[in-house]
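Trainee: 3D model of this:
(chains A, B, C and D)
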There are 2 protein chains.
Amino acid sequence: MILRVSTKGEYGVRLMVDLARHYYSSRPRSLTDIAQAEQLSLAYLEQLVKLLREAEPPLVASTRGAHGGYRLSRPPEEITMGEIVRVLEGPIAPMICATEGEMTQICSLLDSCKTKFLWARVRDAVAQTLDSITLADLVGASEQETQNAPTHFISISDIRVAPSSAL
Amino acid sequence: MILRVSTKGEYGVRLMVDLARHYYSSRPRSLTDIAQAEQLSLAYLEQLVKLLREAEPPLVASTRGAHGGYRLSRPPEEITMGEIVRVLEGPIAPMICATEGEMTQICSLLDSCKTKFLWARVRDAVAQTLDSITLADLVGASEQETQNAPTHFISISDIRVAPSSAL
DNA sequence: AATATATCCTAGTGAGCAGGTCGGATTAAG
DNA sequence: CTTAATCCGACCTGCTCACTAGGATATATT
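Mentor: Numbers count the residues shown, from 1 in each chain, chains lettered A, B, ... in the order given. Here you go, the predicted model:
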């Protein structure tokens, strides 16, 4: 499997989408609530959110203590999926010698140098896709109207499946 | 690491590029020679080439016995990197529920459905990139002139680093 | 015919990592 | 002072990757 999104990336993105949906709430959103809504383990989410908080620049900000929780450190339009994925999954590099940015190493073997340009192309395709999509794109414009809704519960009927052309 | 090319994919593509460079030779190319040229383990290459041979349609054809070896089953222009990578690394699917072609499953969770479209976009970007590059593109037009060269030895000075725009 | 050189096939294996769990310390609200 | 949160590090467990080993079979050359 050449494209391998681990659970870190998968759950972490879901976590961020959840936070984006609650961005205009007056209170921070607790991991307990997110874990319940997304059916994920709280202890595991704690590990992921730590990465997001310690990122430079940070993607989430925390409030400790009772009624604490997390919120996005920036509006959803200003956070790209590329940022999130890089924090959670590490740099977008298909292999050791094709890290983003650095392609200076000249290797002494015959065909491997030529294949590196292939992997670089694939890497750039992924990076460009991820960098062009923001959290706001995933949450969708219709959600923005339900701003400031205090403790906004979602039922199954609220699930909307966007047409793929919408992305 | 979201993009993860295992050694199967890496070595396998190098193997195919090597075969493409010798496509116009009169004799098949042995794995022993490839292993030496690319500094790879013979026994491991045998496993990889098996996948390429048993693929449907096959990507390489073998000749057994002394002076045997492998050759591409089609000219390099007709073999895409997408074919090779799918044979070696399996279908291009970032996660279980985003296999190529099938996106019909509707999931009951809140944000995960929305994120699936993200992963589908990434998947398509990778697939499109790989499907648009052929073995001939990687070998490079300049190589084609050295056709029919019998047992063509390559020295270090033969290594050419193509500009990335050439891809 | 004998030998050398290939492909072909199946099993096994060791290290590393994904994907968590667990227990507890710290902080703040009511 | 109790409750509800974030914070922190250690540990564990099963799976997969990346090979290696050892042979069986096929064919060209001598």
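Trainee: contacts, neighbours, all on C-alpha from now
Mentor: Noted.
Trainee: and chain A, which of its residues are near DNA strand D?
Mentor: Taking CA under 7 Å from any atom of the strand as the criterion, the neighbours of DNA strand D within chain A are A:1, A:29-32, A:43, A:46-47, A:50, A:53, A:62-70.
Trainee: other SSEs contacting the worst-scoring helix or strand of chain A on mean pLDDT?
Mentor: Sorted by mean pLDDT, DSSP states H and E, the helices and strands of chain A end with helix A:112-131, the least confident at a mean of 89. Other elements packing on helix A:112-131 under the criterion 3 or more CA pairs under 8 Å, 6 or more residues apart in numbering or on different chains; DSSP states H and E are helix A:81-89, helix B:7-21, helix B:112-131, helix B:135-139.
Trainee: the shortest one and chain A, any residue contact?
Mentor: By that I understand helix B:135-139. Yes - Helix B:135-139 comes into contact with chain A when judged by CA under 8 Å from any CA of the partner chain, the residues involved being B:138-139.
Trainee: what packs against that helix?
Mentor: When contacts are defined as 3+ CA pairs under 8 Å, 6+ apart, helix B:135-139 sits against helix A:112-131, helix B:7-21.
Trainee: buried residues in the helix or strand just after the shortest one, which are they?
Mentor: It stands for helix B:7-21. Heading C-terminal from helix B:7-21, the first helix or strand you meet, by DSSP states H and E, is helix B:31-38. By neighbour count, and taking 16 or more other CA atoms under 10 Å in any protein chain shown as the criterion, the buried residues in helix B:31-38 are B:31, B:34-35, B:38.
Trainee: with pLDDT added, can I get those residues in CSV?
Mentor: As requested, the buried residues of helix B:31-38 are arranged in CSV below (pLDDT from 0 to 100):
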residue, pLDDT
B:L31, 98
B:I34, 97
B:A35, 96
B:E38, 94
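Trainee: just those now: which is nearest DNA strand D?
Mentor: Checking those against DNA strand D with CA to the nearest atom of the strand, the nearest one is B:A35 at 10.6 Å.
Trainee: would you confirm that that closest one contacts B:L45?
Mentor: Yes - under the contact definition of CA atoms under 8 Å, B:A35 touches B:L45, with a separation of 7.3 Å.
Trainee: any weak-confidence spans in chain A?
Mentor: Within chain A, the segments meeting pLDDT under 70 span A:1, A:94, A:96-113, A:141-167.
Trainee: quick one: name the residues of it near DNA strand C.
Mentor: Counting by CA under 7 Å from any atom of the strand, the residues of chain A lying close to DNA strand C are A:6-8, A:41-44, A:63-68.
Trainee: what about the residue of chain A at minimum distance from DNA strand C, how many neighbours?
Mentor: Taking CA to the nearest atom of the strand as the measure, chain A has A:G65 as its residue closest to DNA strand C, at 3.1 Å. By the other CA atoms under 10 Å in any protein chain shown criterion, the neighbourhood of A:G65 contains 7 residues.
Trainee: same check, this time on A:I79
Mentor: The criterion is other CA under 10 Å. On that basis, A:I79 has 20 neighbouring residues.
Trainee: if we can go back for a sec, so which of the helices and strands packed on helix B:135-139 is the most packed in?
Mentor: Using mean count of other CA atoms under 10 Å in any protein chain shown, the stretch among the helices and strands packed on helix B:135-139 with the greatest mean number of neighbours is helix B:7-21 (a mean of 22).
Trainee: and that helix, what does it pack onto?
Mentor: Contacts defined by 3+ CA pairs under 8 Å, 6+ apart place helix B:7-21 against helix A:112-131, helix B:31-38, helix B:42-54, strand B:69-72, helix B:81-89, helix B:135-139.
Trainee: could you write out the alpha-carbon coordinates of that helix in PDB?
Mentor: The C-alpha trace of helix B:7-21 is given here as PDB (Å, rounded to 0.1, in the frame of the first residue of the first chain):
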ATOM      1  CA  THR B   7      11.000  -1.600  -0.700                       C
ATOM      2  CA  LYS B   8       8.700  -3.700  -2.800                       C
ATOM      3  CA  GLY B   9       7.700  -0.700  -4.800                       C
ATOM      4  CA  GLU B  10      11.000   0.900  -4.800                       C
ATOM      5  CA  TYR B  11      13.100  -2.100  -5.900                       C
ATOM      6  CA  GLY B  12      10.400  -3.300  -8.200                       C
ATOM      7  CA  VAL B  13      10.300   0.000 -10.100                       C
ATOM      8  CA  ARG B  14      14.100   0.000 -10.300                       C
ATOM      9  CA  LEU B  15      13.900  -3.500 -11.700                       C
ATOM     10  CA  MET B  16      11.400  -2.500 -14.300                       C
ATOM     11  CA  VAL B  17      13.400   0.500 -15.300                       C
ATOM     12  CA  ASP B  18      16.400  -1.700 -15.700                       C
ATOM     13  CA  LEU B  19      14.400  -4.100 -17.900                       C
ATOM     14  CA  ALA B  20      13.200  -1.100 -19.900                       C
ATOM     15  CA  ARG B  21      16.700   0.000 -20.600                       C
END
